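Engineer: Got a sequence here, can you model it:
(2 chains)
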Protein chains: 2
Amino acid sequence: MEVVILGAGNVATHLAKAFKNKGFTIIQVYSKTSVSAKSLADNIKADYTTEIANIYKQAKIYIYALKDSVLESVISQIDIPNAIHVHTAGSVSIDIFKGKMFNYGVLYPLQTFSKTKEVDFSKVPLLVEGNSNETTEYLMDIAQQISDNCSLANSTQRMKLHLAAVFACNFSNYMYSIAEEIVAESELPFEILKPLIAETADKIKTLAPRTAQTGPAVRYDTNVMDKHLSMLKNNPELADIYKTLSNQIHAAATKK
Amino acid sequence: MEVVILGAGNVATHLAKAFKNKGFTIIQVYSKTSVSAKSLADNIKADYTTEIANIYKQAKIYIYALKDSVLESVISQIDIPNAIHVHTAGSVSIDIFKGKMFNYGVLYPLQTFSKTKEVDFSKVPLLVEGNSNETTEYLMDIAQQISDNCSLANSTQRMKLHLAAVFACNFSNYMYSIAEEIVAESELPFEILKPLIAETADKIKTLAPRTAQTGPAVRYDTNVMDKHLSMLKNNPELADIYKTLSNQIHAAATKK
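Structural biologist: Predicted coordinates for the structure are as follows:
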């Protein structure tokens, strides 16, 4: 089955490799950035183009793994009515294809991808939506070939998942970043925090996050919190985050 | 070697079990809460007391795994000069024992503990501080019997590590909590976010958190962020966290 990938970023790269590994033919990579297009294309032994006009027209599936902000404009320039068109964005409605394509849908991988970190794609939750029962079934079949964790989700559900993912992944990773900066001041290596980070994530496999919550804010230990805030007095932005999150953690704990 | 544990909370429980497993004799558990004291004592086949006056006086080591707010008062009521006295708190200076005991120090386990979740204690980073070279060496020797990850840290370093741990653990867990609430609105199970949470934590084993950062805030995708903020319009506190963290993530990304 011939596939064209539009995009050459993190999602495009991991998705293209997953399809390639399962025997799909990625016939072409499109990206307006020549270096990225070539790099991904070489990686999966595909052709590439940087021109929308040169996109191969006989593929069965077109996967748009592009920045949300350019999706609409790229879609509007493509006229390949007999193929299936799929985007990969959490927060973009399936309707972005409406009136422009006949068969379309969404394959949203609920995972964080960095180019330099391998991912076992068979474990990546894939959220599937199609514009008709037939397309949905078709996309679900394709999704199940690359992942063992596929679910149906409409555009509203997917957008909520995406928002949840920003908190669970992007914001928790940012907490790691802040922690790294603070540890640096102690002249001890960041390494020393890694078992804590691993255990924090591991806990929620068996405990609800609310039950797993520990720390000074849960018991509203003003003794500790005041010391922490005084250590942050030269960084009002961090002090502000500290106060806001501590208050909310405490409020959630007392609601239990 | 005879040990008395003061406290019966999460840290006391995990530490007492770790010592017990390595052949130490926990001779007594003190907690003012009878149910907690008995529960931990039964668990590790120790005696217990709820009265400071009845604390056993011939032990070699006294471990104070108590809430920071009661530490000073409990210490002031104990007069056992020939033993070694150790607290386990991240944000309390070793000097809390000064003038009251001769040999004292700190064993701070840099980990999150919940009573219902087992932990491999040999992997828990233990931060050690003693009031003299002799005590420090002695405590380091004990620490190394229960953990393979022991480091020296003075009180200032330990306080920084504790603050970093609040961000890396307590606040990232709170992000999971928020995510769980949002997923609940989608009528999909929280289960679907677990691979993302696991991967987010796994990434920082090989990538610096800054390098691992992904999501709409990194590229300042206002398209996505505005949709997310409109979904949070009935929850101004979450919207506020979303805005603050997104702005900081973007600022950090552009500094790179």
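Engineer: Quick check: A:Q145 touching A:K20?
Structural biologist: No: counting by C-beta atoms under 8 Å, A:Q145 stays clear of A:K20, with 11.8 Å between them. (Glycine included, C-beta is placed from N, CA and C.)
Engineer: Tell me, how many residues neighbour A:T206?
Structural biologist: 12 (other C-beta atoms under 10 Å in any protein chain shown).
Engineer: Equivalent analysis for A:N247, please.
Structural biologist: Using other C-beta under 10 Å, A:N247 has 14 neighbouring residues.
Engineer: Does the nearest residue to it once chain neighbours are set aside belong to a helix, a strand or coil?
Structural biologist: Excluding its sequence neighbours, the residue lying closest to A:N247 (C-beta to C-beta, 6 or more residues apart in numbering or on different chains) is A:A217, at 7.6 Å. Using DSSP: H, G, I helix; E, B strand; the rest coil, the structure places A:A217 in coil.
Engineer: Quick check, A:A217 in contact with A:L245.
Structural biologist: Yes: between A:A217 and A:L245 there is a contact under C-beta under 8 Å: 7.1 Å.
Engineer: Which one's more surrounded, those two?
Structural biologist: Counted by other C-beta under 10 Å, A:A217 and A:L245 do not tie: A:A217 has more neighbours, with 26 against 22.
Engineer: OK, contacts around that one?
Structural biologist: With contact taken as C-beta atoms under 8 Å, 6 or more residues apart in numbering or on different chains, A:A217 is in contact with A:225, A:245-247, A:249-250, A:253, B:166, B:170.
Engineer: Tell me how far it lies from A:A253.
Structural biologist: Between A:A217 and A:A253 the distance is 8 Å, computed by C-beta to C-beta, to the nearest Å.
Engineer: now the strands: where do they sit in the stretch 51-200 of chain A?
Structural biologist: Taking DSSP state E, counting those that start in this stretch as the criterion, the stretch 51-200 of chain A carries its strands at A:61-64, A:84-87, A:103-109, A:126-130, A:150-152.
Engineer: Now do the longest one: distance to the chain's middle.
Structural biologist: Averaged C-alpha coordinates place strand A:103-109 at 14 Å from its chain's average position (C-alpha atoms, centre = their mean, to the nearest Å).
Engineer: Take it, keep the C-alpha atoms, and write them as PDB.
Structural biologist: C-alpha atoms of strand A:103-109 as PDB (Å, rounded to 0.1, in the frame of the first residue of the first chain):
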ATOM      1  CA  ASN A 103     -12.600  10.100   2.200                       C
ATOM      2  CA  TYR A 104     -10.700  11.400   5.200                       C
ATOM      3  CA  GLY A 105     -10.000  11.100   8.900                       C
ATOM      4  CA  VAL A 106      -7.500  11.300  11.700                       C
ATOM      5  CA  LEU A 107      -4.800   9.100  13.200                       C
ATOM      6  CA  TYR A 108      -3.700  10.800  16.300                       C
ATOM      7  CA  PRO A 109      -0.700   9.300  18.200                       C
END
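Engineer: Any part of that strand near chain B?
Structural biologist: No: Strand A:103-109 does not reach chain B (C-beta under 8 Å from any C-beta of the partner chain); its nearest approach is 9.6 Å.
Engineer: pLDDT on that strand, on average?
Structural biologist: Averaging pLDDT along strand A:103-109 gives 98.
Engineer: Mind giving me the packing neighbours of that strand?
Structural biologist: For strand A:103-109, the packing partners by 3 or more C-beta pairs under 8 Å, 6 or more residues apart in numbering or on different chains; DSSP states H and E come out as helix A:10-21, strand A:84-87, strand A:126-130, helix A:133-146, helix A:155-165.
Engineer: and the angle from the longest one to strand A:126-130?
Structural biologist: Calculated by axes from the mean of the first three to the mean of the last three C-alpha atoms, to 10 degrees, helix A:133-146 forms an angle of 160 degrees with strand A:126-130.
Engineer: Flag every buried residue along helix A:133-146.
Structural biologist: Across helix A:133-146, burial judged by 16 or more other C-beta atoms under 10 Å in any protein chain shown covers A:135-136, A:138-140, A:142-143, A:145-146.
Engineer: a markdown table please, covering those residues and showing distance to B:A16.
Structural biologist: Formatted as a markdown table, these follow (distance: C-beta to C-beta, whole Å):
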| residue | distance to B:A16 |
| --- | --- |
| A:T135 | 59 |
| A:T136 | 55 |
| A:Y138 | 58 |
| A:L139 | 54 |
| A:M140 | 51 |
| A:I142 | 54 |
| A:A143 | 49 |
| A:Q145 | 51 |
| A:I146 | 48 |
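Engineer: Output those as CSV; include the columns distance to chain B and pLDDT.
Structural biologist: Below are those laid out as CSV (distance: C-beta to the nearest C-beta, whole Å; pLDDT from 0 to 100):
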residue, distance to chain B, pLDDT
A:T135, 21, 98
A:T136, 16, 98
A:Y138, 22, 98
A:L139, 17, 98
A:M140, 15, 98
A:I142, 19, 97
A:A143, 14, 98
A:Q145, 18, 98
A:I146, 14, 98
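Engineer: want to throw the strands of the stretch 51-200 of chain A into CSV with mean neighbour count?
Structural biologist: Below are the strands of the stretch 51-200 of chain A laid out as CSV (neighbours: other C-beta atoms under 10 Å in any protein chain shown):
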stretch, mean neighbour count
strand A:61-64, 24
strand A:84-87, 26
strand A:103-109, 25
strand A:126-130, 24
strand A:150-152, 18
